[in-house]
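Q: Here is my input, please return the structure:
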Amino acid sequence: MEKPCSLLVHFDKGSAAMANEIKADLEGSDGAAKADAMRRAISLLINGETLPQLFITIVRYVLPSEDHTVQKLLLLYLEIIDRRDPAGRALPEMILICQNLRNNLQSPNEYLRGVTLRFLCRLSEPEVLEPLVPSVLANLEHRHQFVRRHAISAISAIYRIQNGDQLLPDAPELIERLLASEQDASARRNAFLMLCSCAQERAVAYLLSNADRVTEWPDVLQMAVVDLIRKVCRSANRANKGKYITIISSLLSSSSTAVVYDCAGAIVSLSSAPTAVRAAASTYCQLLASQSDNNVKLIILDRLNELRTTHREVMVGLVMDVLRALTSPNIDVKRKVLDLVLDLLNPRNVDEVVLYLKKEVVKTQAGDLEKGGEYRQMLVRAIHSCAVEYPEVAGSVVHLLMDFLGDTNVAAAVDVVLFVREIIETNPKLRVSMIQRLIDTFYQIRASRVCACALWILGEYSLSLSEVESTIATIKQCLGELPFYTVSEEGEATDSAKPAQPVVNSVTVSSRRPVVLADGTYATQSAATEIISTPSVAPGSLASTLNLRSLILSGDFFLAAVVACTLTKVVLRLEEVQPSKVESNKACTVALLIMTSILQLGQSSYLPHPIDNDSYDRIVLCVRLLCNTGDDVRKIWLQSCRQSFAKMLAEKQFRETEEMKAKAQISHSQPDDLIDFYHLKSRRGMSQLELEDEVHDDLKAATGGFTKHADDANKLNRVLQLTGFSDPVYAEAFVTVHHYDIVLDVTVINRTKETLQNLCLELATMGDLKLVDRPQNYTLAPESSKQIRANIKVSSTETGVIFGNIVYETSNVMERSVIVLNDIHIDIMDYISPATCADVTFRNMWAEFEWENKVAVNTVIQDEKEFLDHIIKSTNMKCLTPPSALDGECGFLAANLYAKSVFGEDALVNISIEKQLDGKLSGYIRIRSKTQGIALSLGDKITLKQKGGS
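A: Numbering: from 1, shown residues only. All right, here's what the predicted structure looks like:
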């Protein structure tokens, strides 16, 4: 499709026989057959067929037809054929059509008049339009609104063509008079749009003279008003800005949701006054509550998020209105609402927000919610964030959340136990009640990872005598009778706790997929699995409390090692708080019996997989420690672990604080900026909103709010030379990369002394890039220049290439000359930005994503951290590994990097490097993503940039 076309119809390729059939049907007298033949002819022409012999036949046999369908199809035919000769003049045959068009414009049938007027909007030939102008003007006074609205559109189109103002010199005045008397909504809108595009000052004058009646206008006309105000206020002349803001504010109460949405966006772009911003935000919140379409809700939430970034203090007051959108059943809407609300917390609203979130958590227990488990996990994380930022609210939610430690949704249960772990360290006042609640609910936990974390909490924070004894008793109860199995006379191993059952009902733990550990290495041991093995027992029965026993009998020896460590800690602490040496020795004996039973189970043939070496060594270490305790070892086990955890939390809080400081926008005003003093201004005739807007504009000028952040020097980096200096045509392009499209502003200079005719910039793309339109042909005078703009759509994050050539003709040379352009490479870095995610989320995505690109390290850099910083800077990614984990000199470094594209794609990178004896670095950089393009493009970028040294 190389020619512009306003009509697209799918059609299979035709043949000569079909063309002959069309001609025969057109020459017949049957109206239905003629209409069908015209449809086939139009379809063939649109899809590239040439039917040169058909025009005369249509003029002879179709033009006189009185069938309205045939006449409508005739207009479509005339719309798509070539109406000009190669020299650019209108074809002489088109004069034959003029009389038919004039007859249609004077037809008693309104439909025929309307479709003919609509056809004239597509014509750009003055020779054809000139004799039809009187008839078009006459239709402005037709009694039917269908004719009048299309007559206005036709006049607007004629006036906008080249030299159209000579065909209709008084068109704006005519349309303005018509606008004052017209009653039809669509006709008034068309007239107003014609004034906006052709005589903007008349449109502005009409709007300001009718400002009090704008709220009574139809919604289509109100939309046109909002567009005009935007267009006017973007220009340098902002004299009536206050009046425009008043008009927009009045339209916020319109009955049309489309008008209200458009006005909310317009008023924010016009004014930064708190009153205006608050009105827009309230409007968005009302739309959020009233609209049922999830896509609309997501768009409105995006607008609210944009307001949050620039006017957070205004948005804070509307946080409860935003929260009400959680009633939507869509999980994506819920996620955006929670993300937005968490950024609007302050000491005044945090209690209300947490109370609302608590009610939502309770609702998820009903079980009738779609994706209830995932929603509950999101709520737990949101409450966790609230409690970390405002610790005083933790006490009101932590006990409720602890009821979900036994949640069947493993991810939600893990989030709860991590929340409990952090709160019990940061809120010492809650420690006693939380430990007691954890002991009471421990038997409900069914997930291995949750059990392990809960055991660590009990081992570290059970400080009093009663707490230590309760912890030991709970662990004993959840493990059941010892030993874990007995050998019967027949030689069969059975679970000693279930003599009636020959084999325990359990699930073998085995991870087939490699799991990435925190240091970037892979593991396939049972220690890295998160499989729940729920025993087949009735809830509430005695056996339902044997959660630890069931998990250990399923082969989870990592959990068994955690049990041994917890028992070791509580026994050591019992020795400090228990005055009776006998009781301490009893507890120590029980712990040793449990550990030796676990070791016996792990080395038996009862389980298909024996105990792994790491867990075995850990348990043996605990046994030796309890048999021979020293003060140094006691200090390490009872104090150092907790101190390390506290240090980790402090570092996490410090990183978050630093990130918030980095995000704070600091603007500066230029030394020569003009500042108006508000106290010296006249306030006569100004509304409160207008006055507030003036004041706010002055404040922004004083604080540098209007200063543009774009650096002009950086713009030069975007200018690419497309041709050589010695070529007859010099071209360079300024590349602007937006989120979903690329704009090429190409400057073409004719360096010859001759006129270049039919000069065309022909472009093509490689990758997920698509040209929106084909640039036109131009005539370039000697030594003159031309600006050509090309739009290219981007559909995914990957490196693309734009290539092409410039084709032109000269009067001396008959053949077309071609200049090949340099390629333009679109960098992947324009589409990805640093992002953060939780370690659990990173590992889950790493396991799920299919595409991996493995790049071997090849660099002249000899320091591990310097190489990591170089990769982070080159790839525009964020390092998720905390700085404390990268401290020290060990000759080895492993780090995780993460970034997100504008299309929502995730990019994961794991760097594992080691310093060799000769000082060089070796290792691999692994890139994983859901799509192939981002993995390959990022790999190419790293391969190109990793050497460093420059």
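Q: looking at it, Leu607 is touching Asp556, isn't it?
A: No: taking CB atoms under 8 Å as the definition, Leu607 is not a contact partner of Asp556, at 10.4 Å. C-beta coordinates here come from the backbone N, C-alpha and C atoms, glycine included.
Q: ok, these two, which is more surrounded?
A: Set side by side, Leu607 and Asp556 show more neighbours around Asp556, with 28 against 22, by other CB atoms under 10 Å.
Q: Give me the phi and psi for that one.
A: Torsion angles at Asp556 (phi, psi; degrees, to the nearest 10) stand at phi -90, psi 80.
Q: swap in Ala41?
A: Taking degrees, to the nearest 10 as the convention, Ala41 sits at phi -60, psi -40.
Q: tell me the contacts of it?
A: Taking CB atoms under 8 Å, 6 or more residues apart in numbering as the criterion, Ala41 is in contact with 22, 26, 51, 54, 58, 77.
Q: quick one: Glu306 from Lys241, how far?
A: Counting by CB to CB, to the nearest Å, the gap from Glu306 to Lys241 is 21 Å.
Q: Looking at the two, which is more packed in?
A: Neighbours were counted for Glu306 and for Lys241 using other CB under 10 Å; Lys241 has more, 18 against 12.
Q: Give the full set of residues in contact with Leu463.
A: 431, 573, 577.
Q: Now do the contacts for the nearest residue to Lys900 once chain neighbours are set aside.
A: Nearest residue to Lys900 in three dimensions, chain neighbours excluded: Ala835, at 3.9 Å (CB to CB, 6 or more residues apart in numbering). In this structure, Ala835 makes contact with 878, 898-900, judged by CB under 8 Å, 6+ apart.
Q: do the same with Phe803
A: Here Phe803 is in contact with 763-766, 821, 823-824 (criterion: CB under 8 Å, 6+ apart).
Q: Work out the gap between the strand or helix carrying it and the centre of the chain.
A: Taking DSSP states H and E as the criterion, Phe803 maps to strand 800-809. Computed by CA atoms, centre = their mean, to the nearest Å, the chain-centroid distance of strand 800-809 equals 33 Å.
Q: Could you identify the helix or strand that succeeds it?
A: strand 817-820.
Q: among the contacts of Leu463, who's most crowded?
A: Arg573 (22 neighbours).
Q: what's that one in contact with, if anything?
A: Going by CB under 8 Å, 6+ apart, Arg573 touches 462-463, 468, 638.
Q: And Ser817, by the same measure?
A: When contacts are counted by CB under 8 Å, 6+ apart, Ser817 touches 728, 807-810.
Q: can you pull up the bridge partners for it?
A: Tyr808 (DSSP bridges).
Q: Just the pLDDT at it, thanks.
A: pLDDT, Ser817: 87.
Q: about what we covered before: go through the contacts of Ser817 and give me the one with the most neighbours.
A: Among these, Tyr808 has the most neighbours (other CB under 10 Å), with 26 neighbours.
Q: residues touching that one, list them.
A: Listed by CB under 8 Å, 6+ apart, the contact set of Tyr808 reads 729, 756-760, 780, 816-817.
Q: just the buried members of these?
A: The neighbour count (16 or more other CB atoms under 10 Å) marks 729, 756, 759-760, 780 as buried among those.
Q: for the contacts of Phe803, which one is nearest Leu326?
A: Thr765 (42.8 Å; CB to CB).
Q: check which helix or strand covers the closest one.
A: Using DSSP H and E, Thr765 maps to strand 756-766.
Q: how about the helix or strand following that strand: buried residues?
A: Per DSSP H and E, strand 756-766 leads on to strand 769-771 as the next helix or strand towards the C-terminus. By 16+ other CB under 10 Å, the buried positions in strand 769-771 come out as 769, 771.
Q: Name the strands paired with the helix or strand following strand 769-771 and say parallel or antiparallel.
A: For strand 769-771, the following helix or strand on the C-terminal side (DSSP H and E) is strand 778-780. If you go by DSSP bridges, strand 778-780 pairs up with strand 756-766 (antiparallel).
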